[in-house]
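Novice: Provided below for reference: sequence and predicted model.
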Amino acid sequence: MNKYRKVQSSIWTTSKKFKKLSKDEKLVFLYILTSPHNNSIGLYFLPIDYAKHDLEMNINIYKKALDSLCKVSLIEYDSVNSIIFIHKSLEINQFTNPNHAKGSAAVAGDFVNYPLYEKFYKELKEYCSKYYEYFPKPIESVKENENNSIEIVSKGLLKGISTETETETETETETETFFEECWRTYPLKKGKGNIKKSQKDKLYKIKDAFIVCLARYIKEVDGVETQFIKHGSTFFNNGYIDYLDENYQEVKRKNIKVAPQGSNFEQRKPNDDVLNNVFEEGIWLNLQYGVIQKENKDIE
């Protein structure tokens, strides 16, 4: 997760592509730029269910917006692997030093085996020539995979989206993709091997509810010392149950042990007024904040 990203304010006045977008398309593009699932390289996993939860948008409207963004080359989308690539992201969000580049190279390593990595690498060399050697090179075999089995959305998103009559193999792939993205988001990634396939299938069946559970827990332990955070295997196997709607009771911050000042653990206390202003604009900067908005709406 990347907490801060640059978005040029001039996008509203000088970007011809952006100005021609519809209201929904502009919202989706801004969401993609500021998504809590985004990272330092602008190439990241974004399952449609995550966007649907964050935006509270009709799924067909979201898909059409994605298709439009791809057609004007603002983004590209690998519909099989649920991966977003933001064109020219590295031109605006460049690496500030070698350590920054090395950290981003580690992130990039997760995408080497996917077709969009080659497109990312091409822009990496163009906009970050000083640091591109830190990054793994594209794998040649991926090209063949792209041609034979993967439809990139820039060549027609709506043709590449799974239908309601998806095969068992497609379902297994979606289940694993959903699990992996949730696992990436979880703050203490321990015990992954202890989560059985049957449990992953169970979580996928309640994916919308599980995303809410995950967001609630991330919010609850924000700034908490690692020793007080559940191992990933604990939360994914049964710990999430306490965070389902029928069981959930919000834990007050004063009851949570927070890392002492001066430690390496970051403490964030978002200002509610600022967050409410963001919500009114319909742009969610963080998955956990999206849950805050949902809860506020329920209270109203």
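Specialist: On my side now, so go ahead.

Novice: Please report the distance of the residue nearest to Leu55 when sequence neighbours are not counted from Ile211.
Specialist: Excluding the flanking residues, the one nearest Leu55 by C-beta to C-beta, 6 or more residues apart in numbering is Tyr31, at 5.9 Å. Glycine gets a C-beta too; all of them are placed from N, C-alpha and C. Look at Tyr31 and Ile211: by C-beta to C-beta, to the nearest Å, they are 15 Å apart.

Novice: One more: Lys230?
Specialist: Here the distance between Lys230 and Ile211 works out to 17 Å (C-beta to C-beta).

Novice: what about these two, which has more around it?
Specialist: A count of neighbours by other C-beta atoms under 10 Å puts Ile211 above the other of Lys230 and Ile211, at 24 against 20.

Novice: so how far is Ile48 from that one?
Specialist: The spacing between Ile211 and Ile48, counted by C-beta to C-beta, is 12 Å.

Novice: How many residues are close by Ala51?
Specialist: Around Ala51 there are 23 other residues, counting by other C-beta under 10 Å.

Novice: go on, His53?
Specialist: Using other C-beta under 10 Å, His53 has 20 neighbouring residues.

Novice: mind checking the longest helix of the protein?
Specialist: Assignment by DSSP state H gives helix 168-185 as the longest helix of the chain.

Novice: could you give the angle of the next helix or strand after that one to helix 168-185?
Specialist: Moving toward the C-terminus from helix 168-185, the next helix or strand (DSSP states H and E) is helix 197-205. What separates the directions of helix 197-205 and helix 168-185 is an angle of 90 degrees, with axes from the mean of the first three to the mean of the last three C-alpha atoms, to 10 degrees.

Novice: On the strand side of things, show who the closest residue to Glu181 other than its chain neighbours bridges to.
Specialist: Spatial nearest neighbour of Glu181, chain neighbours left out: Phe45 (4.8 Å); criterion: C-beta to C-beta, 6+ apart. Listed by DSSP bridges, the beta-bridge partners for Phe45 are Ile83.

Novice: what sits against Phe45?
Specialist: Neighbouring residues of Phe45 by C-beta atoms under 8 Å, 6 or more residues apart in numbering: His37, Asn81, Ser82, Ile83, Ile84, Thr177, Glu180, Glu181, Arg184.

Novice: just for the chain, where's the confidence low?
Specialist: Within the chain, the stretches with pLDDT under 70 are 1-3, 140-171, 251-300.

Novice: Domains of it: list them as residue ranges, please.
Specialist: Residue ranges for the structural domains of the chain, counted by automatic domain parsing, are given in the record as 11-161, 164-269.

Novice: Please report how far Gly103 lies from Glu126.
Specialist: Taking C-beta to C-beta as the criterion, Gly103 is separated from Glu126 by 21 Å.

Novice: Of all residues in this structure, which one is nearest the centre?
Specialist: What sits nearest the mean C-alpha location of the chain, by C-alpha atoms, centre = their mean, is His37, with 2.1 Å.

Novice: what helix or strand is that residue on?
Specialist: Counting by DSSP H and E, there is no helix or strand that carries His37.

Novice: Count the neighbours of Arg184 for me.
Specialist: Around Arg184 sit 14 other residues, with neighbours defined as other C-beta under 10 Å.

Novice: Check Ser198 too.
Specialist: Under the neighbour criterion other C-beta under 10 Å, Ser198 is assigned a count of 7.
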